[in-house]
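**Student:** Provided below are the primary sequence and the corresponding predicted coordinates.
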Amino acid sequence: MDDHNKSELRKRAEELMLRQEQIHTKWDRDNVNALIHDLNVHQIELEIQNQELRESQLRLEKAKQVQESALARFEALFNSAPEGFILIDVSGMVLECNHTTLEMLGCKREDLIRKPFSAFVHIEDQPKFYASYPSFFKSTYPKPIEIRLIHKGSAFKHKDHSFIAELTGCSTLKQDLFKDLYHDNPFILVSIYNINAHKLLERELADAKQAAELANHALLESHDKLEATVAQRTAALKTSNEQLKQQMIEREQAQHRLRLTAGVFENTSEAIIITDAANRVMEVNPAFVRITGYPADEVIGRDPGFMKSHRHTHEFYAEMWKKIWQTGQWQGEIWDRRHNGEIYPKWLTINAVYDERGHLVNCIGIFSDISRLKATEERLEQLAFFDCLTKLPNRAHFQSRLDHALTAANRRQNKVGLIFIDLDHFKHINDSMGHNAGDQLLIEAAKRIQSCVREEDTVARMGGDEFTIILADLTDTAKVMTNVALTILESFTHPIVLEDKKLFIGCSLGMAIYPDDSGNAALLIKHADTAMYRAKESGRNRYSFYTAEMNAQAQSRISLESELRYAIDHKAFELYYQPKVDAHSSEIVGFEALLRWIHPTEGVISPNQFIPIAEESGLIAAIGNQVVEMACQGLQRINRCTPKPLPVAINLSVRQLRQDNLVNYFSQTLANYGIEAEQLELEVTESFLAKPIEKSAALLQALHQLGYKIAIDDFGTGYSSLSYLKNFPIHTLKIDRSFVMEVAHNQESRTIVQAIISMAHALGYDLVAEGVETAAQVNVLQGLGCGIMQGFHYARPAPLHEILEILSLGSTLAIQAASSLKNPKNTPNEFVSE
Ligand SMILES: Nc1nc2c(ncn2[C@@H]2O[C@@H]3COP(=O)(O)O[C@H]4[C@@H](O)[C@H](n5cnc6c(=O)[nH]c(N)nc65)O[C@@H]4COP(=O)(O)O[C@H]3[C@H]2O)c(=O)[nH]1
């Protein structure tokens, strides 16, 4: 308790004493005691109170000490804070500040307190300060402002004594705390941060950044420039690199070409010769040495003319050089001489080489030896235009020579004779003696024909055994041709010796004259061919001139062929049956089925007329099939009329026998009609046997195996030898009509027939004499040992129904009845002239 409080308390206690005295006077004693008691209590209370007061005094003093130390700490904190603090009122007057502010502003406390703060604001920033300052009072968290403040101290380092500060207003300060100081004058706490260094740093940074950016920009620019330059340089480098590469490639290629050229020069199979401007040999390659035979050192420096063969004229070489000078090149065939003197053909190309001024510097000659090529060419020409076997011009060559001859004949107004020659019976010889013999025969025939004509005439081989002769430039045509024909025929009267055998072969010649018989080559050939056929038909080994009548026959042959096709389609054929008779018993022992074509306008046509055409046109197969079928039908009916089966023979032509499925077809057809193979005899001509032996023997063997009986027709006209016949399964020999005809009065024919009969007996063959017309023939044949006859003497071929009628009488009676067929009434078209 301080002194003041002590005196206060004395005063109050004295007052209290005074009052007690007064009360003592007024009140009675009783009351005085109570009062004393009260006073004592009160005194104690006071003492207690006093004690409490002292304690409170002590606490207060302690609190005051705490407060003062807190104040001192806060003051210290306030003053030593790194930022400046000022309290400013609404008018901008500074109410309080800390030391930091004073330091910042470089002034004393008295220079700032109760002074307008704006005095410390840079003149240029004052508008900003005034504009922003009110906001410190209005908003709770006003936006700080940046302004420049003036430092009043002289030692301030900045020129204008200013520094940048950030002022932040704080209006949340409790105004009540300062009421005793500033009454109701509102104020705010403003904190001041010196951000000058920061700003400076910022500016420096910005400057640095700008500088860096500028530098960067400049760097980028220079980088870009550098890049562009680099790109340019790279591109240039690349280009030059590529050029370099290209140059290297070209150089390599050039070197390669050079090596190649050198390689080619050294190794080519073509000879190369290089001459200089003066035509002196500079270089030759190994092929040159090989082809010409000249060693290189023997030719270097020489004019290549030393190789000349002297086959070519002076003009030829002059032309050659002219061409080289004019065009720089010459190419052609040239004949030169080798070192050994041999002349040979070569294909030469000469190229002139000029310098840049156009002066000739070199000639390069490249050539190959074409002697082999020439030989091949000649060989090919030979093959293309000449027949390999006879060496005569072939068909193509003949054609062109004929055209040429006709053109020449037109020009010279004269004639051309064309002769077609066909060797008679060549096929027989070829087939029976083999192809080698056939070839020899053809060679000899070619020689003989050629020997009969002039050198300027053309003898050609058309193929097979056909030859032609072109007699050009004729005036007395027919006479010359006749002479040639007779000479040829005469030349063939001499035997040809083949394999130690003497062969007599004739030929048939057909002749046509240009332009008398035809105005064109094709027709002329056809006419000569027709005439040749006529010669053949007329008995062979003769010649025949073409006549218009032959042409008509040829035409009719063509129309006959188409009619024949029609006949096949419409089954316009019929079989006539000619009995075979046992002369001794007069019994019919079988029949030969002979084909007839029942023509709608011509009547019955002989097989002799159409079989050859059918054979040539290939129609024979279809006709032959119809014959087998008709024969089976006939047999079915014949069998019904006879107690024992009688065989029927059918004719098979050579072409027909080549049919692939012949055997199957026969079997099938016979099976269809229920006919046994033994009942069907197959007559084949001797010429069939002459076919390549294995094939024909195999076919006949197959047929024989199946039970068919094989008869050889027209026997004696061919070339069959005894040993040859043994190869075939033959059942019957039919003696040809030509021998039978003369057997009764011609000793020679009789001898042949006798030989045939003896042979047949020896080999166990049956015999049939064909074309028996007279009783005398019957007698002789019987006497010679042939008992089976077929011929007009007994019966002509007749249609089936007539045969069936006769058969119904019985076979012996039948033959008597068949004599009615000698002069048939029912078949007016039968070939009575035969
Ligand atoms: N002068 C005369 N002739 C007689 C006498 N007896 C028979 N003839 C005839 O002589 C030919 C005999 O037939 P070929 O020699 O096989 O000769 C046959 C045969 O080679 C062939 N031929 C006939 N039919 C066929 C056939 O169906 N197929 C084949 N591929 N050829 C057949 O036609 C040739 C001719 O047959 P055809 O004209 O029927 O002539 C028959 C017949 O009528 C006679 O006493 N005197």
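**Tutor:** Arrived safely.
**Student:** Surely W347 touches E333?
**Tutor:** Yes: using C-beta atoms under 8 Å, W347 makes contact with E333 at a distance of 5.8 Å. C-beta here means a position set from N, CA and C on the backbone, and glycine is covered the same way.
**Student:** higher neighbour count, these two?
**Tutor:** Neighbours were counted for W347 and for E333 using other C-beta atoms under 10 Å; W347 has more, 16 against 13.
**Student:** Three-state assignment for that one, please.
**Tutor:** Secondary structure assignment for W347 (DSSP: H, G, I helix; E, B strand; the rest coil): strand.
**Student:** Show me the residue sitting in the middle of the protein in space.
**Tutor:** L380 (32.7 Å; C-alpha atoms, centre = their mean).
**Student:** Any figure for the gap between that residue and the ligand?
**Tutor:** Taking C-beta to the nearest ligand atom, to the nearest Å as the measure, L380 falls 44 Å from the ligand.
**Student:** hmm, back to that, what is in contact with W347 and E333 at once?
**Tutor:** I370 (C-beta atoms under 8 Å, 6 or more residues apart in numbering).
**Student:** all helices of the stretch 651-800 of the chain, in order?
**Tutor:** With DSSP state H, counting those that start in this stretch, the ranges of helices along the stretch 651-800 of the chain come out as 654-657, 662-673, 686-689, 693-705, 722-725, 737-743, 747-763, 775-784, 800-807.
**Student:** Please apply the same query to the stretch 301-450 of the chain.
**Tutor:** Going by DSSP H, counting those that start in this stretch, the stretch 301-450 of the chain shows helices at 314-327, 371-385, 395-412, 426-433, 435-451.
**Student:** out of these, deepest packed?
**Tutor:** Mean neighbour count (mean count of other C-beta atoms under 10 Å) peaks for helix 426-433 among the helices of the stretch 301-450 of the chain, with a mean of 19.
**Student:** What angle do helix 435-451 and it make with each other?
**Tutor:** Here the directions of helix 426-433 and helix 435-451 differ by 140 degrees (axes from the mean of the first three to the mean of the last three C-alpha atoms, to 10 degrees).
**Student:** Do me a favour and average the pLDDT over helix 426-433.
**Tutor:** Averaged across helix 426-433, the pLDDT comes to 82.
**Student:** May I have it as PDB, with CA atoms only?
**Tutor:** The C-alpha trace of helix 426-433 is given here as PDB (Å, rounded to 0.1, in the frame of the first residue of the first chain):
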ATOM      1  CA  PHE A 426       4.000 -99.000-154.700                       C
ATOM      2  CA  LYS A 427       1.900 -99.500-151.500                       C
ATOM      3  CA  HIS A 428       2.100-103.200-151.900                       C
ATOM      4  CA  ILE A 429       5.800-103.200-152.200                       C
ATOM      5  CA  ASN A 430       6.300-100.700-149.400                       C
ATOM      6  CA  ASP A 431       4.000-102.700-147.100                       C
ATOM      7  CA  SER A 432       5.300-106.100-147.900                       C
ATOM      8  CA  MET A 433       9.000-105.300-148.300                       C
END
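**Student:** residues touching N279, list them.
**Tutor:** Going by C-beta under 8 Å, 6+ apart, N279 touches D303, P304, C363.
**Student:** On the strand side of things, show who the last one bridges to.
**Tutor:** Taking DSSP bridges, one obtains T275, A352 as the residues bridged to C363.
**Student:** what about it, neighbour count?
**Tutor:** Residues lying near C363 (other C-beta under 10 Å) number 22.
**Student:** which residues touch it?
**Tutor:** Taking C-beta under 8 Å, 6+ apart, we find C363 in contact with I274, T275, N279, I324, I350, N351, A352, V353.
**Student:** Of those residues, keep whichever come out buried.
**Tutor:** Buried subset of those (neighbour count, 16 or more other C-beta atoms under 10 Å): I274, T275, I324, I350, A352.
**Student:** Not counting sequence-adjacent ones, nearest residue to the third one?
**Tutor:** It stands for I324. In space, and not counting its chain neighbours, I324 is closest to W330: 4.9 Å by C-beta to C-beta, 6 or more residues apart in numbering.
**Student:** what helix or strand does S269 sit in?
**Tutor:** For S269, there is no enclosing helix or strand under DSSP states H and E.
**Student:** does it really touch F288, like I thought?
**Tutor:** No: S269 lies out of contact with F288 (C-beta under 8 Å); the separation is 10.9 Å.
**Student:** So for these two, which sits in the more crowded spot?
**Tutor:** Per other C-beta under 10 Å, whichever of S269 and F288 has more neighbours is F288, with 23 against 10.
**Student:** What parts of the protein come near the ligand?
**Tutor:** Taking C-beta under 6 Å from any ligand atom as the contact definition, the chain meets the ligand at 578, 594-595, 606-608, 611, 627, 650-653, 656, 683, 713-714, 770-773, 791-792, 797, 831, 834.
**Student:** In terms of pLDDT, where does I623 sit?
**Tutor:** At I623, the model reports a pLDDT of 95.
**Student:** same deal with L87?
**Tutor:** 88.
**Student:** State whether it and N185 are indeed in contact, as I suppose.
**Tutor:** No: counting by C-beta under 8 Å, L87 sits too far from N185 to count as a contact (10.2 Å).
**Student:** anything in contact with each of these two?
**Tutor:** Residues touching both L87 and N185 (C-beta under 8 Å, 6+ apart): L95.
**Student:** related to what we said a few turns ago, could you dump the contacts of C363 into CSV and include distance to F420?
**Tutor:** CSV is the format used below for the contacts of C363 (distance: C-beta to C-beta, whole Å):
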residue, distance to F420
I274, 61
T275, 60
N279, 60
I324, 54
I350, 52
N351, 55
A352, 58
V353, 62
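**Student:** Give the buried residues for the helix or strand where Q636 lies.
**Tutor:** If you go by DSSP H and E, Q636 is part of helix 620-641. Residues of helix 620-641 classed as buried by neighbour count (16+ other C-beta under 10 Å): 620-632, 634-635, 638-639, 641.
**Student:** Check stretch 409-425 too.
**Tutor:** So stretch 409-425, judged by 16+ other C-beta under 10 Å, has buried residues A409, K415, V416, G417, L418, I419, F420, I421, D422, L423, D424, H425.
**Student:** before we move on, what about stretch 671-690?
**Tutor:** Going by 16+ other C-beta under 10 Å, stretch 671-690 has these buried residues: 675, 677, 679-690.
**Student:** Next: stretch 161-174.
**Tutor:** H161, S162, F163, I164, A165, E166, L167, T168, G169, S171.
**Student:** W330 and Y317 touch, don't they?
**Tutor:** No: applying C-beta under 8 Å, one finds W330 not in contact with Y317, separated by 10.2 Å.
**Student:** Look up how far F117 lies from A649.
**Tutor:** Distance check for A649 against F117: by C-beta to C-beta, to the nearest Å, it reads 163 Å.
**Student:** Might you report the residue contacts of the residue of the stretch 1-150 of the chain found nearest the ligand?
**Tutor:** The stretch 1-150 of the chain approaches the ligand most closely through K143 (138.1 Å), counting by C-beta to the nearest ligand atom. Counting by C-beta under 8 Å, 6+ apart, K143 touches S132, S135.
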